[in-house]
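Asker: Quick one, fold the following:
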Amino acid sequence: MSDDFNSDASPTVFVVDDDAAVLKGLGRLLRAARFNVLTFGSPQEFLRRHDARAPGCLVLDLAMPGLGGLELQELLAAKGSALPIVFLSGCGDIPTSVQAMKRGAVDFLTKPVKDAELLEAVRLALEKDRSAREARVEMDGVRARLATLTPREREVLEHVVSGQLNKQIAGDLGTVEQTIEVHRARVMEKMKVQSLAELVRVFESARAAGL
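Answerer: Coordinates of the predicted model:
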């Protein structure tokens, strides 16, 4: 019997393993370390009941009948899930572990896993999830602020962060320096930044995110 799903639990360690004894032991260990835990006896059960919006990480058995750990990792990635994964394997399969890590796994541990190693991997995975969610919230805010800029303000922004002076921007855009000063002040206000350095940092992070 698996735990009742609660999408409001924050954060949660989701454990998927087809071995009931292992699943029970992992759940007991993680709860003893004061983590919120939900256990699943198969990847299919996890997929049916998991809320992709729920923060946490996934402790995932590699070899399971039907749908294996790597296949589940691939399915989650295809759905846009960024849930960090800690893999557990009954054998030290280096090529498989390399494949899992290249796809973004946080760690690849061999059974029987040492308690301290698993707990440390879970802590790292939860921290990775927290940081990623904070970054997404920040980018959502930047996206919303960029959307408030007029086309001309966006042009001025791009010239400003490239290091041009107001006089140079005015020349490029065919206007006067005083107009650029007004646009620049509005850009700073709308982007909610206090300095050119902060504006550049925000813009570069937005550009890296494809905004």
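Asker: all helices in this structure, in order from the N-terminus.
Answerer: 20-32, 43-49, 69-78, 94-102, 115-146, 151-161, 166-173, 177-191, 196-208 (DSSP state H).
Asker: Okay, buried residues for the first one please.
Answerer: Within helix 20-32, the residues scored as buried using 16 or more other Cβ atoms under 10 Å are 22-23, 26-27, 29-30. To be clear about C-beta, it is placed using only N, CA and C from the backbone, and glycine gets the same treatment.
Asker: what's the closest of the helices of the chain to S10?
Answerer: S10 lies closest to helix 115-146 among the helices of the chain, at 9.8 Å (Cβ to Cβ).
Asker: Show me what that closest one is packed against.
Answerer: helix 20-32, strand 56-61, strand 85-89, strand 107-110, helix 177-191, helix 196-208 (3 or more Cβ pairs under 8 Å, 6 or more residues apart in numbering; DSSP states H and E).
Asker: Tell me how many other residues surround S162.
Answerer: By the criterion of other Cβ atoms under 10 Å, S162 has 11 neighbours.
Asker: got a list of what it touches?
Answerer: Residues counted as contacts of S162 (Cβ atoms under 8 Å, 6 or more residues apart in numbering): none.
Asker: Can we start the residue count at 327 from this point?
Answerer: Sure thing, new numbering starts at 327, so read that last one as S488.
Asker: E464 and R527: what is the separation?
Answerer: Separation of E464 from R527 (Cβ to Cβ, to the nearest Å): 11 Å.
Asker: hey, which of the helices and strands packed on helix 441-472 is tucked in deepest?
Answerer: Comparing these by mean neighbour count (mean count of other Cβ atoms under 10 Å), strand 382-387 ranks first with a mean of 26.
Asker: Check which strands are paired with it and give the direction for each one.
Answerer: strand 338-342 (parallel), strand 411-415 (parallel) (DSSP bridges).
Asker: Is it possible to get TSV of those strands that adds distance to T505?
Answerer: Compiled in TSV, the strands paired with strand 382-387 are given as follows (distance: least, Cβ to Cβ, whole Å):
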stretch	distance to T505
strand 338-342	53
strand 411-415	52
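Asker: Format those as TSV; extra columns: distance to L396 and mean pLDDT.
Answerer: Below are these laid out as TSV (distance: least, Cβ to Cβ, whole Å; pLDDT from 0 to 100):
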stretch	distance to L396	mean pLDDT
strand 338-342	12	95
strand 411-415	8	90
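Asker: between the ones you listed, which one is nearest to K428?
Answerer: Across the strands paired with strand 382-387, closest to K428 is strand 411-415 (Cβ to Cβ), at 12.3 Å.
Asker: ok, R456 touching P381?
Answerer: Yes - when contacts are counted by Cβ atoms under 8 Å, R456 is listed as touching P381 (7.2 Å).
Asker: Quick check: neighbours shared by these two?
Answerer: With Cβ under 8 Å, 6+ apart, R456 and P381 have common neighbours P337.
Asker: Show me the beta-bridge partners of V385.
Answerer: Beta bridges link V385 to V341, V412 when assigned by DSSP bridges.
Asker: For it, give me the pLDDT.
Answerer: pLDDT, V385: 95.
Asker: got the contact list for it?
Answerer: Contacts of V385 by Cβ under 8 Å, 6+ apart are 339-343, 352, 356, 411-412, 414, 444, 448.
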